[in-house]
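**Student:** Okay, here's the prediction I keep looking at, along with the sequence it came from:
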Amino acid sequence: MINVIREPLIFEISSPGKSGVRLPALDVPERLEAVEGLSLREDIEGFPEVSETEITRHFTRLSQMNYCVDFGFYPLGSCTMKYNPKLNEKIAGMSSLVGVHPLAPEKLAQGNLELMKILENLLCEITGMDAVSLQPAAGAHGELTGMMLIRAYHQAHGNPRKYVLIPDSAHGTNPSSAHICGYVVKEIKSNDRGTISLEDLAREMTEEVAALMVTNPNTLGVFESDICQIAEIVHARGGFVYMDGANLNALAGVTRPGDMKVDVLHLNLHKTFSTPHGGGGPGSGPVAVKKILEPYLPVPVIEEKDGQYYLNYNRPQSIGRVKSFYGQFQVMLKALAYILALGPAGLREMTETAVLNSNYIRKSLEGIYHLKYDSPTLHECVFSDKFQKDFGVSNLDISKRLLDYGLHPPTMSFPLIVHGALMIEPTETESRRDLDLFIEAMKAIDREARENPELLRTAPHITYVRRLDEVQAARNPVLRWEGK
Ligand SMILES: *Cc1c(COP(=O)(O)O)cnc(C)c1O
């Protein structure tokens, strides 16, 4: 990473008259009348003028200040951030697949519709559910869609109900989705194993509760082993079990939400199935449902008749469209390529490796970093800064110091039930060597906390940008070049 020179703004390297290309002089009369009325701008004041070399180097240097999954590993917990095969990007870019106009008639898009149908069927098989809609464009969008299905069902049965129960270990998007869908969120406290307490659930689960939203494994990485009993309690009062399946690389190929009596879940094709997560998309958050919720799925639904695929809009109970056209088709293609390339045994291996890697980190750092919950964990583990706090070093300082080791920090201060949390999800794509580099860095930082805490409190020291005043940065961001 570059940390020696200060990269100037492009405005600072501008010098009048420079340009990237030199075109021959115009040998015909200039005619702008044709485009008049199109708000053609005569000049852009202060527009940077630079050579091709300057602009190429400027942006290449800027790009190298960013951390990315091609550079190193992201131990972020709660969101799978893994390396994805480049081959799938190539497939998603094949013009024969993606050159189809989104408004092309169905009979000219048979191949695309068939691929989507195959993906739907595979996702049904992987999740143990009955039907899938590929429309939602992200995990949170899938949650909202799922909650809308639940609401539509209850509404059709006379009463949409009022509450949605959500454990304190859920992903943060869950309460927002329930709220946006018009529900009042009631929090269920975790027990000392970090799972849902059946007694609390039984007490809160009334006929005014529309659903329980459960992230499984939850954000502590703990599998809700009572999930079937949980579902029975919820079903007995006419509620639905919504499962957040964003990090399905903790389960796929080993167990299936459908077999755990889950009624509806979303998956993140970005994250689990070969599209990088982060960077603002595109994503895809399909929703999978049991038969009981199928009539409410968004329109159109892809169906097949006499060997022809078509889009069925004639679904009177549907909640309507949630996304334009076909959803994020290229993300679906990558997921399909990934699933077919791995096959059932490969998907299982993906999951087992994700769990193994996480437990390798957990065991290696146990005793050095504090673990609030000692329940067995799956794809992620949550340490805290409790031991380092004795030396005045916080999770923020540890994270900042990791930057000096060339590593991306883990998720911090979440879940809220662990004070000073450091939440780590290594994913299945990291090698033993990369995991060891991370573990060694974490051990070294713990030693530094004892020997030289000031070093951590002022970290990072060798990055391009040093420690920022985060409050100032959020309240008073400098977003405009003032020419100073
Ligand atoms: C990432 C994630 C989400 C949200 O997905 P987006 O695509 O970012 O909207 C929801 N739940 C869990 C558990 C997640 O990891």
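**Tutor:** Perfect, I can see it now.
**Student:** Which residue does the stretch 301-450 of the chain have closest to the ligand?
**Tutor:** Residue of the stretch 301-450 of the chain nearest the ligand, by C-beta to the nearest ligand atom: Glu425 (8.8 Å). (C-beta placed from N, C-alpha, C; glycine too.)
**Student:** how many neighbours does the residue nearest to that residue when sequence neighbours are not counted have?
**Tutor:** In space, and not counting its chain neighbours, Glu425 is closest to Glu380: 3.7 Å by C-beta to C-beta, 6 or more residues apart in numbering. Glu380 has 32 neighbours, counted by other C-beta atoms under 10 Å.
**Student:** In contact with Glu380, which residues?
**Tutor:** Glu380 makes contact with Gly77, Ser78, Pro217, Thr219, Leu220, Gly221, Asn247, Ala250, Ser358, Met423, Ile424, Glu425, according to C-beta atoms under 8 Å, 6 or more residues apart in numbering.
**Student:** can you do 10 Å?
**Tutor:** Contacts for Glu380 (C-beta atoms under 10 Å, 6 or more residues apart in numbering) come out as 75-80, 217-222, 247, 250, 354-355, 357-358, 361-362, 410-411, 423-427.
**Student:** Which ones among those map onto helices?
**Tutor:** Using DSSP state H, Ala354, Val355, Asn357, Ser358, Ile361, Arg362 are the members of those that sit in helices.
**Student:** for Val301, which residues make a bridge with it?
**Tutor:** Asn312 (DSSP bridges).
**Student:** can you count the residues close to it?
**Tutor:** 19.
**Student:** Then Val264?
**Tutor:** Each residue near Val264 was counted by other C-beta under 10 Å, and the total is 28.
**Student:** same deal with Ser190?
**Tutor:** Residues near Ser190, counting by other C-beta under 10 Å: 21.
**Student:** Pretty sure it sits against Pro415.
**Tutor:** Yes: look at Ser190 against Pro415 with C-beta atoms under 10 Å: they come within range, at 8.8 Å.
**Student:** Please identify every residue contacting each of those two.
**Tutor:** Taking C-beta under 10 Å, 6+ apart as the criterion, Ser190 and Pro415 both touch Pro167, Asp168, Ser169, Ala170, Asn218, Leu220.
**Student:** Quick check: phi and psi at the third one.
**Tutor:** With angles defined as degrees, to the nearest 10, Ser169 shows backbone torsions of phi -100, psi 10.
**Student:** Tell me who's in contact with it.
**Tutor:** Contacts for Ser169 (C-beta under 10 Å, 6+ apart) come out as 188-190, 194-196, 214-222, 224, 373, 382, 415-418.
**Student:** Can you give me the pLDDT of it?
**Tutor:** pLDDT for Ser169: 88.
**Student:** tell me the domain boundaries of the protein?
**Tutor:** Following automatic domain parsing, the chain resolves into domains at 86-341, 347-473.
**Student:** Of these, give the one that comes closest to Thr56.
**Tutor:** Evaluated over the domains of the chain, closeness to Thr56 peaks at domain 347-473, with 19.1 Å, by C-beta to C-beta.
**Student:** what about that closest one, average pLDDT?
**Tutor:** For domain 347-473, mean pLDDT is 95.
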